[in-house]
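# how would this look folded up:
(2 chains, ligands or ions: 1)
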Amino acid sequence: MNRIYMDNAATTRITEPVLEAMMPYLTDVFGNPSSVHAFGREARKPLEQARKQVADALGAQPNEIYFTGCGTESDNWAIRGAAYASAKKGKHIITSQIEHHAVLHTVEQLEKEGFTATYLPVDEFGLVNPDDLEKAIQPDTILITIMMANNEIGTIQPIEQLAQIAKDHKILFHTDAVQAIGSVKIDVKAMNIDLLSLSGHKFHAPKGVGALYIRQGVKLQRLIYGGAQERTQRGGTENMASIIGMGKAIELADQQMEQHNQKLCAMRDRMIEGIMESIPETRLNGHATKRLPGNVNVSIRYIEGEGILIGMDLEGIAASSGSACTSGSLDPSHVLLAIGLTHEIAHGSLRLTLSEDNTMEDVEIAIAALTRVVTRLRSMSPLYNAN
Amino acid sequence: MYTEQVMDHFMNPRNVGEIENASGTGTVGNAKCGDIMKIDIKVENGVIVDVKFKTFGCGAAIATSSRATEMVLGKTIDEALQVTNKQVAESLGGLPQVKMHCSILAEEALQKAIMDYKQRLDAGEISE
Ligand code: FES
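Got it, this is the predicted structure:
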């Protein structure tokens, strides 16, 4: 059976050009970029080249890019670092209810440490209302952190508007752009973003590498103490091959963005249309247009997500779900609850996230497979009345 | 994450459906994750001669309902009451720890269906 991967929001494949760029750093060029000798110098140059590649894709300067171990580390560093660096000015942080756990749990932890927080609600499409942000600002607000695009429902926030409000109030603005890289054109300067997190493996670089953009002049407390790497701000010998891979991957993602988005939007919209046509009582979660090009998220009534996932897996298709039964914690996804879904509807949620590797044919196969899986599960559901 | 037996029952569930004129029906909800299971039984001379289920729940919930119905079919109601969720899970080669609660659904739905049968019997709504 041909397997079809439609879980690219979870992670992506390392593409050939990225692997090729990485190979020398897994083999011949093994020097430590901090070393003075020729081996070290040989590694230093490509490291700085990768930094420039990341900076260019964001409209930043290379000295504003700091390599980290992952998106979660970047989020932790940005939020904890900003909170503690500004703690004398105030204690209040604003975020949204639909952030990734890397942000949400970090803010919750800060609350335990004496900070306060406001979690902005979102509308039925997952959008933060800029007026709500304006109203939530207090004299002691020190940080606003709102994700650029949601990992579950794909909703793209009006980041420019939100960041402008932060700027008007002279409050630091951080955005978790982990899902947005390669899909949303980013210019941190024009968008007034002070801090931005990204993660390599979401755009065809390897796992275990990320970056944080820190606008020049913004002070953060360190998260990781150690050596003088990353201009003394983040100790730890650089993950050379992965950083080089991430540099290459973000450069490619940026160059190919328009072309990929066109292809992905067409597949996404066909998938949504096909599912709605062939499966009654299904709803689209998230926004119809302010949506990541590869994201499909639907709730299918009367059945549960884990069953759908296993069924799809047996059909050769990899997807994911925000159902309580798949969460490990047995709570349905906080994102689906925040957009107003009942537990029951959140239960039957399915996320399919496409990449450039997918084809229209894959999409048709997935629609047909899903229809079969749903029909079978509904026939077993006490809530479903076939007539 | 699931054993072969669990997958088999998930893919080829036994005794799915409903019984018309059932002797007893039990519907339970899982407080933990919000899932629902319904079991119908047909009892003749104190023996479960037919049993059917419908489940709104995860793979483990579906597989354990299927297996539980299989285990009680042909048993007397007293024997059926002895069947525990642990036995059901064990007979499937075990369940992941976080999925043990799913198997309780089947046990409870079955017990409720038997209670329902007994009550209706006492009330004279049905005969043995
Ligand atoms: S029934 Fe929900 S986790 Fe099994």
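
# Just give the number of residues close to B:D122.
Counted with other C-beta atoms under 10 Å in any protein chain shown, the neighbours of B:D122 add up to 9. C-beta coordinates here come from the backbone N, C-alpha and C atoms, glycine included.

# for A:A57, same thing?
Around A:A57 there are 25 residues (other C-beta under 10 Å).

# got the contact list for it?
A:181, A:186, A:250-251, A:253-254 (C-beta atoms under 8 Å, 6 or more residues apart in numbering or on different chains).

# From those residues, which land in helices?
Counting by DSSP state H, the contacts of A:A57 place A:250-251, A:253-254 in helices.

# Greatest separation within these: which pair is it?
Pairwise distances across those peak at 7.3 Å for A:E251 and A:A253 (criterion: C-beta to C-beta).

# quick one, phi/psi of the nearest residue to A:S86 once chain neighbours are set aside?
Distances taken as C-beta to C-beta, 6 or more residues apart in numbering or on different chains put A:I142 closest to A:S86, at 4.0 Å, once the chain neighbours are dropped. Per-residue torsions, A:I142: phi -120, psi -20 (degrees, to the nearest 10).

# and A:I142, how far is that from B:E79?
66 Å (C-beta to C-beta, to the nearest Å).

# quick one: low-confidence parts of the chain?
No chain in the question, so chain A it is. A:386-387 (pLDDT under 70).

# hmm, I had chain B in mind actually
In the predicted model of chain B, residues B:31-32 satisfy pLDDT under 70.

# tell me which residues in the longest helix along it are buried?
When chain B is parsed with DSSP H, its longest helix is helix B:100-122. Within helix B:100-122, the residues scored as buried using 16 or more other C-beta atoms under 10 Å in any protein chain shown are B:101-114, B:116-117, B:120-121.

# Considering only those, which also neighbour chain A?
Restricting the buried residues of helix B:100-122 to those within reach of chain A (C-beta under 8 Å from any C-beta of the partner chain) leaves B:101-102.

# show me where the chain has helices.
All of this is about chain A. Using DSSP H, helices in chain A cover A:16-26, A:38-58, A:71-85, A:101-112, A:130-136, A:159-168, A:240-255, A:257-278, A:305-314, A:334-338, A:343-347, A:360-379.

# meant chain B, my bad for not saying
Counting by DSSP H, the helices of chain B are B:4-11, B:59-72, B:77-82, B:85-91, B:100-122.

# Tell me which residue of the stretch 101-250 of chain A lies closest to the ligand.
A:E152 (18.6 Å; C-beta to the nearest ligand atom).

# Test my guess that that residue contacts A:H334.
No: using C-beta atoms under 8 Å, A:E152 is not in contact with A:H334, being 9.1 Å away.

# Identify the contacts common to the two.
A:I98.

# quick one on the thing from earlier: would you reformat the helices of chain A as JSON lines and include distance to the ligand?
JSON lines is the format used below for the helices of chain A (distance: least, C-beta to the nearest ligand atom, whole Å):
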{"stretch": "helix A:16-26", "distance to the ligand": "37"}
{"stretch": "helix A:38-58", "distance to the ligand": "40"}
{"stretch": "helix A:71-85", "distance to the ligand": "26"}
{"stretch": "helix A:101-112", "distance to the ligand": "19"}
{"stretch": "helix A:130-136", "distance to the ligand": "33"}
{"stretch": "helix A:159-168", "distance to the ligand": "36"}
{"stretch": "helix A:240-255", "distance to the ligand": "35"}
{"stretch": "helix A:257-278", "distance to the ligand": "23"}
{"stretch": "helix A:305-314", "distance to the ligand": "7"}
{"stretch": "helix A:334-338", "distance to the ligand": "15"}
{"stretch": "helix A:343-347", "distance to the ligand": "8"}
{"stretch": "helix A:360-379", "distance to the ligand": "13"}
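
# I'd like those helices written out as CSV, with distance to B:T84 added.
What follows is the helices of chain A, written out as CSV (distance: least, C-beta to C-beta, whole Å):
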stretch, distance to B:T84
helix A:16-26, 52
helix A:38-58, 57
helix A:71-85, 41
helix A:101-112, 36
helix A:130-136, 51
helix A:159-168, 54
helix A:240-255, 50
helix A:257-278, 40
helix A:305-314, 23
helix A:334-338, 34
helix A:343-347, 27
helix A:360-379, 27
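
# looking at these, which is closest to A:G200?
That would be, of the helices of chain A and by C-beta to C-beta, helix A:240-255, which comes in at 3.9 Å.

# mind listing what's buried in the closest one?
Buried, per 16+ other C-beta under 10 Å, within helix A:240-255: A:240-254.

# Run the chain-centre distance for that helix.
Centroid displacement of helix A:240-255 relative to its chain, using C-alpha atoms, centre = their mean, to the nearest Å, is 17 Å.

# picking that back up, list just the nearest of the buried residues of helix A:240-255 to chain B.
Checking the buried residues of helix A:240-255 against chain B by C-beta to the nearest C-beta gives A:S242 as the nearest, at 28.6 Å.

# Show me which of A:I142 and B:E79 is the more surrounded one.
In this view A:I142 and B:E79 are compared by other C-beta under 10 Å, and A:I142 has more residues nearby, 21 against 14.

# Enumerate every residue touching the more buried one.
By C-beta under 8 Å, 6+ apart, the residues touching A:I142 are A:82-83, A:86-87, A:89-93, A:171-172.

# export stretch B:112-124 as CSV, just CAs?
The C-alpha coordinates for stretch B:112-124 follow below in CSV (Å, rounded to 0.1, in the frame of the first residue of the first chain):
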residue,chain,number,x,y,z
LYS,B,112,-26.7,-1.4,33.3
ALA,B,113,-28.4,-3.5,30.6
ILE,B,114,-28.7,-6.4,33.0
MET,B,115,-30.1,-4.2,35.7
ASP,B,116,-32.6,-2.8,33.2
TYR,B,117,-33.6,-6.4,32.3
LYS,B,118,-34.1,-7.3,36.0
GLN,B,119,-36.1,-4.2,36.7
ARG,B,120,-38.4,-4.8,33.8
LEU,B,121,-38.8,-8.4,34.8
ASP,B,122,-39.7,-7.3,38.4
ALA,B,123,-42.1,-4.7,37.0
GLY,B,124,-43.8,-7.4,34.9
